[in-house]
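Visitor: Next one to model:
(one chain, ligands or ions: 2)
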Amino acid sequence: MKQMLVTGGAGFIGSNFVHHVIDHTDYHVTVLDALTYAGNKSSIESVLGERAAFVQGDICDAVLVDQLIAETDVVVHFAAESHNDNSLNNPRPFLDTNIVGTFTLIEAARRHGTRFHHISTDEVYGDLELNDPERFTESTPYNPSSPYSATKAGSDLLVRAWTRSFGLQATLSNCSNNYGPFQHIEKFIPRQITNILSGIRPKLYGAGNNVRDWIHADDHSSAVLRIVERGEIGQTYLIGADGEKSNLEVLHIILESMGEPVDAFDFVTDRPGHDMRYAIDSTKLRTALDWAPRYTNFEDGIGATIEWYTEHRTWWENDKKSVEDFYRAQGQ
Ligand code: NAD
Ligand code: DAU
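Guide: Ligands and ions are numbered 1, 2, ... in the order given. Down below sits the predicted model:
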């Protein structure tokens, strides 16, 4: 049985990916995750056993990483500090995990000649104007805005350099904003859903005109698996599902789906340096690797996500107070 090491597999997208791989392939999966505030082992508990194992550990731990990669056929690297608002408050962990952690993994992967897939974000390209007809492509220049996106850009460049200089067997992908089950409630969509479920008014940054390009986490997973199986070494693939919506539009959909008046929310202090718009052109992935998203109706996907948070209160309820205390302290 082929062995896959998934870093950050107890986080939002990593856990969705682990479920996808178990459902659609024969891989044995080992999850390496430090279980930071963002990791939740219960998200993958149902698959642990014969097909999947869990190792609690830090991707900066070179000895542990070397041992695990020595036994692995392919590494899929999701582990990261992932939240922009946290990176504006305390950037240091972003440098440690996103830069040094990625360095530690690719050093081990090159020593063992192990296939490596690096997960990244469209935020490395900076932002677009609302009326710009262009979308991000694989050749858009890097121009990150926040400490988070700067460290993701740095990690991408390390992987590219290791591929060219040391022959690392790597592919990269940069995806747009994900939604779906198991997402930490600090993030926009689950924060608003769980606010409503907790009797708190949703909070919109600035005027709410910023645009994000939404994709369901299961579509991100199917794209990553396709790249792992058929991607060309050294190539970068952008992942997106043509899901552009303003934050105000998304909030209206959530409020309406949950039976609330569409004006039942508060405008709050904007994020410093807030990127205006992200938009992905995923033509390369669709044509070269014949990939297409399955979740093409955003309202249906949001409906299922609302249902998931409604039915899994114990998964998020303990974090609600500390998350809202953090935001309240900065007027958000
Ligand atoms: P997340 O914050 O939900 O999960 C991150 C996981 O990594 C957690 O389980 C955490 O415990 C683990 N982790 C953090 N530091 C670690 C360390 N030093 N060692 C081992 N494990 C560690 O993040 P997410 O939203 O699932 O994002 C996963 C990846 O996808 C990241 O690389 C992110 O940049 C990328 N990405 C996210 C989105 C999105 O919309 N969320 C979009 C595009 C790309
Ligand atoms: O584009 C991909 C990126 O998407 C990933 O790389 C990041 O890991 C992921 O967190 C996400 O970044 P964003 O900053 O776009 O996501 P977030 O959920 O934090 O915010 C989405 C938008 O909603 C953004 O414009 C800020 C806004 N927002 C956010 C929160 C938490 C609000 O208006 N109110 C809120 O309460």
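
Visitor: what's the closest non-adjacent residue to Gly9?
Guide: Residue nearest to Gly9 in three dimensions, not counting chain neighbours: Val31, with 3.3 Å by Cβ to Cβ, 6 or more residues apart in numbering. Where C-beta positions appear, they are placed from N, C-alpha and C, glycine not excepted.

Visitor: isn't there a strand covering the one you found?
Guide: Yes. Checked against DSSP: H, G, I helix; E, B strand; the rest coil, Val31 lies within a strand.

Visitor: So it versus Ile99, what's the distance?
Guide: 22 Å (Cβ to Cβ, to the nearest Å).

Visitor: So the two - more neighbours on which side?
Guide: Per other Cβ atoms under 10 Å, whichever of Val31 and Ile99 has more neighbours is Val31, with 29 against 18.

Visitor: How about the contacts made by that one?
Guide: 6-7, 9-10, 14, 18, 44, 52-55 (Cβ atoms under 8 Å, 6 or more residues apart in numbering).

Visitor: on that earlier part again, quick one: the residue nearest to Gly9 and Thr7, what's the gap?
Guide: 8 Å.

Visitor: rewinding a little: hey, what's the residue nearest to Gly9 bridged with?
Guide: Per DSSP bridges, the residues bridged to Val31 are Val6, Phe54.

Visitor: List the contacts of Thr287.
Guide: Contacts of Thr287 by Cβ under 8 Å, 6+ apart: none found.

Visitor: a helix runs through it, doesn't it?
Guide: Yes. Assignment of Thr287 by three-state DSSP places it within a helix.

Visitor: Who does Val74 form a beta bridge with?
Guide: Met4, Arg115.

Visitor: All the strands of the stretch 151-300 of the chain, in order from the start?
Guide: Assigned by DSSP state E, counting those that start in this stretch, the stretch 151-300 of the chain shows strands spanning 170-175, 178-179, 203-205, 211-213, 215-216, 236-239, 244-246, 266-268.

Visitor: of these, which approaches Asn90 most closely?
Guide: strand 203-205 (19.0 Å; Cβ to Cβ).

Visitor: so how far is the closest one from its chain's centroid?
Guide: Strand 203-205 sits 21 Å away from the centroid of its parent chain (Cα atoms, centre = their mean, to the nearest Å).
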